[in-house]
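Colleague: just coords:
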């Protein structure tokens, strides 16, 4: 199995390192990831600047290509041009992560980790985004990496519908304490955020985003609730954003002329 | 009616200028938009840098606040902190645009214009994204602006479900030649894109994204097809990305242990 790995925390982060070491036991892994941290970049593409690719080595056991762009750039560049150019095979699956922090509920729309997997889906390659739901600086990525070693071949074997990817969130526990897998839906939890106004040394104002995550949901089948109950949350997501229910209502009762 | 206007082409673009002049005839308009062009930024948020706000004047008849960030930053900053701080009212509706170029099909996921409207929706303010489906440098934004003068009060009056926004695309024609409004779904058209490899003056390679848009759809109820038939396309979109159909299948047939 050929596996393409990317992320949004950057190629030098611990999450991608543990993921690659683990997935290498089950397939041939190619790493193409952002040179720098790209958190909360959403599905950004770099269109007004060129991209650079450099080789990246770490600890004698990790090699990858670092891209001067976003997670979506990495996947598009790899699948559309770069892998062919350097004579590497097209992947059977793309795995994006392991993100340092949860990508559940509204976080999904801001997530570079998810956007990289979405870009693979747009380009018709099955994809999984994986996040560890802890912001602790010393969070242990190994249980998530171990889980992905088991789950990635399942995804390749069972297959995904066209246009759909899986968004995996793993609670920060040893595998022995995780109570299985839940197939979940995207929750309605949100950030109660604001901008703190500060003054720079020249007495000019600037604004810095800060926020607190509000756990809004209670239902068992919601991503954040599965995590709270020490289960791995797996949510199938797609990029057809049409609200079909409301579309019917628009057609029946909204104006058609102007 | 209080209207907050933003965009992704930047506060100095022609699209936002025409939109503001037109909407001012029906309400009190506040402009908070990116200082620079932010095309294809997706739903990016600026989390690792502070934001700056500067006042922006143009032609003696346009005033707004320019933000050193993304479209989603502008809306979040405005609604969470800035409007309160400067004593301006919370808007009844957010209008994002007029984008220079179509935001249909897969373009929706890359669109800063749509992401600004989505951010308003996340923060419970009704929102509309509006794009002119022409890349011509001299494209005329006035028909789209005129349409939004009629449509914005309709949206405010008829209301949107929580979590849903409207994505409007207008063909590049005089209003008299536009054949009405279609309520549409997001199409499956896509970019056949690749990266052109070039050498810089130091003989180091760089990659530049280029692509051709492939019109995949044929059904009348698709966004791009409405446009092709000279109608205004209005697609209701939401940010619950769960693929509910496939979720049922996962629950019934995928592994629950690992």
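Modeller: Everything's here; your move. None of the values given here were measured: they were computed from a predicted structure.

Colleague: residue B:110 is in contact with residue A:239, correct?
Modeller: No. If you go by CB atoms under 8 Å, residue A:239 and residue B:110 don't touch, sitting 10.3 Å apart. For glycine as for every other residue, the C-beta is placed from the backbone atoms N, C-alpha and C.

Colleague: residue A:34 against residue A:66, yeah?
Modeller: Yes. Between residue A:34 and residue A:66 there is a contact under CB under 8 Å: 7.2 Å.

Colleague: and residue A:239 and residue B:110? which has more neighbours close in?
Modeller: Ranked by neighbour count (other CB atoms under 10 Å in any protein chain shown), residue A:239 and residue B:110 place residue B:110 first, with 25 against 20.

Colleague: quick check: that one vs residue B:231, distance?
Modeller: 24 Å (CB to CB, to the nearest Å).

Colleague: now swap in residue A:216 and tell me
Modeller: In terms of CB to CB, residue A:216 sits 38 Å off from residue B:231.

Colleague: tell me where chain A has strands.
Modeller: A:2-6, A:28-34, A:53-58, A:62-67, A:93-100, A:127-132, A:164-170, A:181-183, A:190-199, A:205-214, A:232-238 (DSSP state E).

Colleague: how about a markdown table for these, with distance to residue B:100 and mean neighbour count added?
Modeller: Shown next, in a markdown table, are those (distance: least, CB to CB, whole Å; neighbours: other CB atoms under 10 Å in any protein chain shown):
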| stretch | distance to residue B:100 | mean neighbour count |
| --- | --- | --- |
| strand A:2-6 | 30 | 25 |
| strand A:28-34 | 28 | 24 |
| strand A:53-58 | 30 | 14 |
| strand A:62-67 | 27 | 21 |
| strand A:93-100 | 31 | 29 |
| strand A:127-132 | 31 | 28 |
| strand A:164-170 | 30 | 27 |
| strand A:181-183 | 41 | 21 |
| strand A:190-199 | 29 | 15 |
| strand A:205-214 | 28 | 16 |
| strand A:232-238 | 28 | 25 |
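
Colleague: who wins for proximity to residue B:154 among those?
Modeller: Comparing those by their distance to residue B:154 (CB to CB), the top pick is strand A:190-199, with 28.0 Å.

Colleague: in chain A, where's the longest helix?
Modeller: If each helix of chain A is counted by residues according to DSSP state H, the longest one is helix A:142-158.

Colleague: buried sites along it?
Modeller: By neighbour count with 16 or more other CB atoms under 10 Å in any protein chain shown, helix A:142-158 contains the buried residues A:142-149, A:151-153, A:155-156.

Colleague: specify the angle between it and strand A:127-132 in degrees.
Modeller: Following axes from the mean of the first three to the mean of the last three CA atoms, to 10 degrees, one obtains 160 degrees for the angle between helix A:142-158 and strand A:127-132.

Colleague: tell me what helix A:142-158 is packed against?
Modeller: Under the contact criterion of 3 or more CB pairs under 8 Å, 6 or more residues apart in numbering or on different chains; DSSP states H and E, helix A:142-158 touches helix A:14-23, strand A:93-100, strand A:127-132, strand A:164-170.

Colleague: nearest to chain B, out of those?
Modeller: Closest approach to chain B among the helices and strands packed on helix A:142-158 (CB to the nearest CB): strand A:164-170, 4.8 Å.

Colleague: direction included, what does the closest one pair up with?
Modeller: Next to strand A:164-170 in the sheet, as set by DSSP bridges, lie strand A:127-132 (parallel), strand A:232-238 (antiparallel).

Colleague: can you list contacts of it?
Modeller: A:97-98, A:102-104, A:108, A:114, A:117-118, A:120-121, A:126-133, A:143-144, A:147-148, A:151, A:155, A:160, A:178, A:223, A:226-227, A:232-238, B:243, B:246 (CB atoms under 8 Å, 6 or more residues apart in numbering or on different chains).

Colleague: likewise stretch A:154-163?
Modeller: A:1, A:92-93, A:121, A:124, A:126-128, A:166, A:236, A:238-240, B:243, B:246, B:253-255.

Colleague: that's all I had, so thanks and see you.
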